[in-house]
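[1] Structure for the following, please:
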Amino acid sequence: MDTIACKFGGTSLADASQFRKVADIVRADPRRRAVVVSAPGKRHKQDPKVTDILLSIHDMVSRELDPDPSFALLRERFLEIERELGVDAGMAGLLHAFQRRVLSGADRDWIASRGEHFSARIMAAFLGGTFVEAENAVFLASNGLVDERTWTELPPRIPSGICVLPGYYGTGQQGRVQTFSRGGSDISGAILARATAATLYENWTDVSGLLMADPRVVSDAAPMERVTYRELRELAYSGANVFHEEAILPCKQAGIPIRIANTNRPADPGTLIVPEDQAADRPIAGVAGRNGFCLLQIEKTLMNKEHGFGRRVLGILETKGVSYELSPSGIDSMCVVIDQDAFSPVEDAVLAEIRRNCEPDAIGVERDMALIATVGHGMSRRTGVAAKLFGALSTAGVNVRVIDQGASELSIIVGVDASDLPVGIRAIYDAFVRS
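    So this is what the prediction gives:
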């Protein structure tokens, strides 16, 4: 039988009623046998997330302050869920052992991981499934990504029936529990999907899929029905709050589609993330942008005849620990788009070294820029996409300072004044989606 791997986020597990919704979703399809859970999230706006409670416990203990109020909050959350579900997951004993270990000097990552650990214990008991411990089954490499040992250690631990794996953590290079970055349960879900050779990875959250633009900028942004791994990567890099980037990788490597779905509206179609050969036939997948950039502008007559000019400029940035975003150039000019916060502390040193080693005719920095990315596999196959994009920006009164189209022709990126970012995104969205 095919396997569907499912990950449920914190809002999907905030209380016992949400646990029941998750169980109903899992039981609705016998293929949903591989489950990853997050720590319980907020029950209401003022409510703390369980992970925040755990981090406060670590903070209190490390500062030799009284952690008892936070311990009490933690006990209340998990004992209430266990009691209301009518299961015995051994939470009283687990919480008692947790408190003893914390007071004996447990490290931050182990403490932070317990929200997922306890959540998985309860969910496994409620589903009548098997709890699979992530420690010593999921391994993290030195760069924080998935270590190859995972693909040999995790599969043998997976039973034939329903299994529940806690998200967010594994074992690091030092042999101790290590957490992924916040939101890392998305990664754990993708890991379990690959380890079980799943035909689909469902990421259940509190939204019915991904949107084609930031809803804070475009209030009625349309959902993405289908988007490719690479389109999503471009949008996420360009500022879209769409999906944990590292969570795409295990599924992309194995060619496993990802479905973003809503725990509270399980009948909604959601968004399907697919390989490139399954891209949707539409001009763009979405538009995203972010500000905080500056533009390093360099001019020199016959620059194009001077071997290694660009290499020297980028090498100077490298030695100062500054990476670059884009580098469009002309015959006698070169522009480099850089993160403004990273560049500002070393700006004077960089400019002085470029003047000394490259002898430009002119050099300057333009600050407070934004980058807007329009992304879609269909862009390269349609005549007039660029004309429509730049026409929309012109009509909206947005001046374009930088233009870049990658070699894959998957996106067109424009640099504009930071103040024009929302206007530019709305103009492009309207041109391609509403027209």
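[2] rest of the way, CA atoms for contacts and neighbours
    Fine.
[3] mean confidence score for stretch 367-380?
    The average pLDDT for stretch 367-380 rounds to 89.
[4] what sits up against it?
    Applying Cα atoms under 8 Å, 6 or more residues apart in numbering, the set of residues contacting stretch 367-380 from outside is 231, 234-235, 238, 279-295, 340, 385, 409-418, 420-421, 424-425, 428.
[5] For the stretch 201-350 of the chain, which segments are assigned as helices?
    Remark: helices assigned in the stretch 201-350 of the chain by DSSP state H, counting those that start in this stretch are 229-237, 245-254, 309-319, 340-343, 347-358.
[6] now for the ones you listed, which one comes closest to residue 142?
    Nearest to residue 142 among those is helix 245-254 (14.5 Å), distances taken as Cα to Cα.
[7] tell me the angle the closest one makes with helix 229-237.
    Interaxial angle, helix 245-254 versus helix 229-237 (axes from the mean of the first three to the mean of the last three Cα atoms, to 10 degrees): 170 degrees.
[8] Render the CA-only coordinates of helix 245-254 in CSV, please.
    Extracted in CSV, the C-alpha atoms of helix 245-254 (Å, rounded to 0.1, in the frame of the first residue of the first chain):
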residue,chain,number,x,y,z
GLU,A,245,13.2,26.0,2.6
GLU,A,246,15.2,23.1,4.0
ALA,A,247,12.0,21.0,4.2
ILE,A,248,11.8,20.9,0.4
LEU,A,249,15.2,19.2,0.0
PRO,A,250,14.5,15.6,1.1
CYS,A,251,11.3,15.5,-0.9
LYS,A,252,12.9,17.1,-3.9
GLN,A,253,15.7,14.6,-3.9
ALA,A,254,13.2,11.7,-3.8
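[9] List the buried residues in it.
    245-252, 254 (16 or more other Cα atoms under 10 Å).
[10] give me every residue that touches residue 97.
    Contacts for residue 97 (Cα under 8 Å, 6+ apart) come out as none.
[11] which is the next helix or strand following the helix or strand encompassing it?
    Assigning secondary structure by DSSP states H and E places residue 97 in helix 91-103. Heading C-terminal from helix 91-103, the first helix or strand you meet, by DSSP H and E, is helix 108-127.
[12] ok, then the element right after that following helix?
    Tracing the chain C-terminally past helix 108-127 and defining elements by DSSP H and E, one meets strand 130-131 next.
[13] mean confidence for the helix or strand that comes right after that next one?
    Downstream of strand 130-131, the next assigned helix or strand under DSSP H and E is helix 150-153. For helix 150-153, mean pLDDT is 97.
[14] Given whichever helix or strand comes after helix 150-153, what are its sheet partners and their directions?
    Counting by DSSP H and E, the element after helix 150-153 in chain order, helix or strand, is strand 163-166. Take DSSP bridges as the rule and strand 163-166 pairs in its sheet with strand 32-37 (parallel), strand 130-131 (parallel).
[15] which of these sits most buried?
    Of all these, strand 32-37 carries the top mean neighbour count, a mean of 28, counting by mean count of other Cα atoms under 10 Å.
[16] quick one: the following helix or strand past that strand to helix 108-127, angle?
    Counting by DSSP H and E, the element after strand 32-37 in chain order, helix or strand, is helix 50-62. Counting by the same axes, to 10 degrees, helix 50-62 lies at 140 degrees to helix 108-127.
[17] Low-confidence ranges, this protein, go.
    182-183, 241-242, 244-245, 406-408 (pLDDT under 70).
[18] just to revisit the earlier point, wait, which of the strands paired with strand 163-166 is closest to residue 204?
    When the strands paired with strand 163-166 are compared by Cα to Cα, strand 32-37 sits nearest residue 204, at 9.8 Å.
[19] ok, and what's touching that closest one?
    3-10, 13, 26, 116, 119-120, 161-167, 185, 188-189, 192-193, 196.
[20] Report the buried members of these.
    3-10, 13, 26, 116, 119-120, 162-167, 185, 188-189, 192-193, 196.
[21] mind listing what's buried in stretch 76-83?
    Using 16+ other Cα under 10 Å as the test for burial, stretch 76-83 gives 78-79, 81-82.
[22] Just the residues you listed: which are in strands?
    Among the buried residues of stretch 76-83, DSSP state E puts none in strands.
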